[in-house]
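J.: sequence first, then the predicted structure, then my questions.
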There are 2 protein chains.
Amino acid sequence: MASVEDLQKKIKELEQALEEEKQKNRQGAVRQKISEMSSEVVDSNPYSRLMALKRMGIVDNYEKIRDYTVAVVGVGGVGSVTAEMLTRCGIGKLLLFDYDKVELANMNRLFYQPHQAGLSKVEAAERTLKEINPDVIFETYNYNITTMDNFNHFMKRITEGGLTEGKPVDLVLSCVDNFEARMTINTACNEVGQTWIESGVSENAVSGHIQFVIPGETACFACAPPLVVATKTDEKTLKREGVCAASLPTTMAVVAGFLVQNTLKYLLEFGDVTHYLGYNALQDFFPTMSMKPNENCDDTYCCKQQKLYKEREAKKPKVVKEEPKEEEVIHEDNPFEIELVSETSVEESQASEGQVPELTEGLRVAYSVPAPEQGDLGNNVVETDSTSLDELMKQMKSL
Amino acid sequence: MASVEDLQKKIKELEQALEEEKQKNRQGAVRQKISEMSSEVVDSNPYSRLMALKRMGIVDNYEKIRDYTVAVVGVGGVGSVTAEMLTRCGIGKLLLFDYDKVELANMNRLFYQPHQAGLSKVEAAERTLKEINPDVIFETYNYNITTMDNFNHFMKRITEGGLTEGKPVDLVLSCVDNFEARMTINTACNEVGQTWIESGVSENAVSGHIQFVIPGETACFACAPPLVVATKTDEKTLKREGVCAASLPTTMAVVAGFLVQNTLKYLLEFGDVTHYLGYNALQDFFPTMSMKPNENCDDTYCCKQQKLYKEREAKKPKVVKEEPKEEEVIHEDNPFEIELVSETSVEESQASEGQVPELTEGLRVAYSVPAPEQGDLGNNVVETDSTSLDELMKQMKSL
């Protein structure tokens, strides 16, 4: 039997080892909550470089970011970086939705680390983001929004999950990787009139886009569906066995950067909020455009929102020096069909999205450049003239 | 005195607590080294989504990335994300140079976490990056490259620090935040004929750029210096007390994304390597251009490299169907002065860089759009025609 001295020596050693391990683990908790955003220029202020945007004349009231709630749907390659950017910017509240687990196969994108493999993405994301900025309030849901029960809950949270419980979120960001989930977000946002931004990266990893949607005012996701839905092909039949999409941390970070930059411009009211911004990495080509909603959109809530928008617009006091406004013909002689998409020829759209991978017959990469449709997006949104845009695109390509 | 039973009970408790703490710390070491990049589509393969670029027809030989060495100078807001992207892409070797410490004031950019505050940036970066991808070889230097001794060591490492010791690195990426360090990198790369890419983000955080430099073939950083050097003003006198530059995680991630995308395109030979790519976040405007070197460049090594380039070009076998080449006049009637920069008017350049912060008299934001100068950058580099480019820029702005 061991002597008391031996045991006490052993206890001392164990206590010391325990203290060392605790010390290593303690690192994660350095940053304390900060009750108010300060502009003070000291090394210990995590907000000094953001508050400097006020002095630089870019943003009038940066600290207002704490009043906003953003829902991020999909926290994969684009969504995780999106959530991290918003967290570091000091957003008030973040709602995260995903049902995937972290895998080593995700390590070619930013954010997740190998030791998180096996955790749910929302749990892994929340842990990391809370360490980065404990001032942000997080709400995470580890479920698939496309099933009926979850969809109803998702709707409830985007309409009631704002900073003040019962108020809607300020913006929904779609960072999902499939058509069905995009359509689900579109349906939800159309029904409740929620502004959102869609994002996507092509299967060949070298192009992407963001699209800003104000229900009733700009084209929704169902207004200009990609071919996959127009031909009624089931998305699942398109996935060939043992084949995975390519992805790059570069393209995904650029798309997340565009998405959050547009979010900041929209919420904090600076610069021009862009309606559609594409990124073609092979040629460094960045198409922008605006799209009016389709009057014959399949989504009845989109049509209702269009009506509501027109009523709101009609009630607005008329501007004294009103310019004679040209009537625009929208889908009148051309009832909305797949033809709309082909206003940009397949060749052109493929050129702008870079090389296209071999796909099942009749298909092209889902998220290529939609056809430009003129739209009035309000003062703060970039407007483009389609005739000159087409011309410009051709010129840019020929350079 | 405690009984032997009590002591043994205490030991058991301590052992259990120690095991728990060790468990928490152990998480960081999950990912094992992988001897060969595989295309296998399994959740445990961190390279499956990158190797898929081959099947998608984007990159012929993705695994060749393991043969390359890249030096990243400056691992702050842009450099740290740049290093992370290259690490996740599976680059062979990374050399990191910086002399700063991580501060909480850096937490508005991606990558560093609060618990790393106080560590040197290169040490913090190496720890995180090794966990993310243990297949990458790291070499870090915690020093300022602009001092004489360090400059000599820096030169030695970029000429001898390749994957095979004694061979040069394949590319140098400049992610520094000041003019002096940029000029130092420029001097070093001109002297040894090292291809590099410069990057920068404006002080108001809403614009940035990358510029690809092949000494002798494209304009070097000294060929078109910003005003700060042209007027011989000491950079340090420009920093006003208590004033810090603004920064955003969005802009920095976009610039890092462009930088690493261009790096991948250059190293793995796909797409068009872009010579100059700007990012104006307020208007989502992306100027591109090409610049020939200045025959009267202040850097004598630049002039020597130009001579060497011309000699190499002259030795190349003539193409059978050679087009009559127009002689371009470069800085002949207009000996190189600050006037070159003002080919883009101050108003235009300010417009393209967004709102400009109040600066000391006579100064403008350092890294605005340089004047476009036509250049032949070889087959793989985007060429632009300056007349139509100017025209395009005006048209884009008017949209």
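T.: Nice, I can see it.

J.: what about the closest residue to residue A:192 other than its chain neighbours, distance to residue B:119?
T.: Closest residue in space to residue A:192, ignoring its immediate chain neighbours: residue A:159 at 5.4 Å, by CB to CB, 6 or more residues apart in numbering or on different chains. C-betas here are computed from N, CA, C, even on glycine. Distance, residue A:159 to residue B:119, by CB to CB, to the nearest Å: 44 Å.

J.: show me the contact partners of stretch A:302-316.
T.: Residues outside stretch A:302-316 that contact it (CB atoms under 8 Å, 6 or more residues apart in numbering or on different chains) are A:190, A:193, A:215-217, A:220, A:222-223, A:293-297.

J.: mind checking the pLDDT average for the helix or strand harbouring residue A:305?
T.: Residue A:305 is part of helix A:300-315 when elements are defined by DSSP states H and E. If you average the pLDDT over helix A:300-315, you get 96.

J.: and what of stretch A:260-279?
T.: Here the average pLDDT along stretch A:260-279 is 97.

J.: starting at the chain centroid, how far to whichever helix or strand the residue nearest to residue A:192 is part of?
T.: Secondary structure from DSSP H and E places residue A:159 in helix A:148-160. Computed by CA atoms, centre = their mean, to the nearest Å, the chain-centroid distance of helix A:148-160 equals 18 Å.

J.: look up how far residue A:70 lies from the residue nearest to residue A:192.
T.: 14 Å.

J.: counting neighbours, go ahead and name the busier of these two.
T.: Between residue A:159 and residue A:70, counting by other CB atoms under 10 Å in any protein chain shown, residue A:70 is the more crowded of the two (23 against 17).

J.: hey, what's the more buried one bridged with?
T.: Per DSSP bridges, the residues bridged to residue A:70 are residue A:94, residue A:171.

J.: distance check, it against chain B.
T.: Per CB to the nearest CB, to the nearest Å, residue A:70 is found 14 Å from chain B.

J.: tell me the confidence at that residue?
T.: 98.

J.: most neighbours among the contacts of stretch A:302-316, which one is it?
T.: Top of the contacts of stretch A:302-316 by neighbour number is residue A:220, holding 31 neighbours under the definition other CB under 10 Å.

J.: got the CA positions of the helix holding residue A:305 in PDB?
T.: What follows is helix A:300-315, C-alpha atoms only, in PDB (Å, rounded to 0.1, in the frame of the first residue of the first chain):
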ATOM      1  CA  THR A 300     -49.100  33.800 -55.800                       C
ATOM      2  CA  TYR A 301     -47.600  35.600 -52.800                       C
ATOM      3  CA  CYS A 302     -45.100  37.300 -55.200                       C
ATOM      4  CA  CYS A 303     -48.100  38.500 -57.300                       C
ATOM      5  CA  LYS A 304     -49.800  39.700 -54.100                       C
ATOM      6  CA  GLN A 305     -46.700  41.600 -53.000                       C
ATOM      7  CA  GLN A 306     -46.400  43.200 -56.500                       C
ATOM      8  CA  LYS A 307     -50.000  44.500 -56.000                       C
ATOM      9  CA  LEU A 308     -49.200  45.800 -52.600                       C
ATOM     10  CA  TYR A 309     -46.100  47.500 -53.800                       C
ATOM     11  CA  LYS A 310     -48.000  49.200 -56.600                       C
ATOM     12  CA  GLU A 311     -50.600  50.400 -54.100                       C
ATOM     13  CA  ARG A 312     -47.900  51.800 -51.800                       C
ATOM     14  CA  GLU A 313     -46.200  53.500 -54.800                       C
ATOM     15  CA  ALA A 314     -49.500  55.000 -55.900                       C
ATOM     16  CA  LYS A 315     -50.200  56.500 -52.500                       C
END
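
J.: how about the closest residue to residue A:36 other than its chain neighbours, secondary structure?
T.: Spatially, and ignoring its direct neighbours in sequence, residue A:36 is nearest to residue A:63 (7.7 Å; CB to CB, 6+ apart). Per DSSP: H, G, I helix; E, B strand; the rest coil, the local secondary structure of residue A:63 is helix.

J.: returning to what we had before: and the pLDDT at the residue nearest to residue A:192?
T.: Confidence score, pLDDT, at residue A:159: 98.

J.: what's the answer for the one 4 residues further on, then?
T.: Residue A:163 is assigned 96 on the pLDDT scale.

J.: which residues touch it?
T.: Counting by CB under 8 Å, 6+ apart, residue A:163 has contacts A:67, A:68, A:69, A:92, A:93, A:137.

J.: picking that back up, nearest to chain B, of the contacts of stretch A:302-316?
T.: Distances from chain B to the contacts of stretch A:302-316, taken as CB to the nearest CB, are shortest for residue A:217 (19.1 Å).

J.: and the closest residue to that closest one other than its chain neighbours, how many neighbours?
T.: Leaving aside its sequence neighbours, residue A:217 sits nearest to residue A:309 (CB to CB, 6+ apart; 5.0 Å). Applying other CB under 10 Å, we find 17 residues neighbouring residue A:309.

J.: quick check: residue A:309 vs residue A:193, distance?
T.: Distance of residue A:309 to residue A:193, computed by CB to CB: 9 Å.

J.: so what's in contact with those two at the same time?
T.: Here residue A:309 and residue A:193 have A:215, A:216 as joint contacts, going by CB under 8 Å, 6+ apart.

J.: can you report how many residues neighbour residue A:317?
T.: By the criterion of other CB under 10 Å, residue A:317 has 5 neighbours.

J.: give me the three-state assignment for it.
T.: Per three-state DSSP, residue A:317 ends up coil.

J.: now swap in residue A:46 and tell me
T.: Under the three-state scheme (three-state DSSP), residue A:46 adopts coil.

J.: isn't it right next to residue B:102, touching?
T.: No. Using CB atoms under 8 Å, residue A:46 is not in contact with residue B:102; the gap is 11.6 Å.
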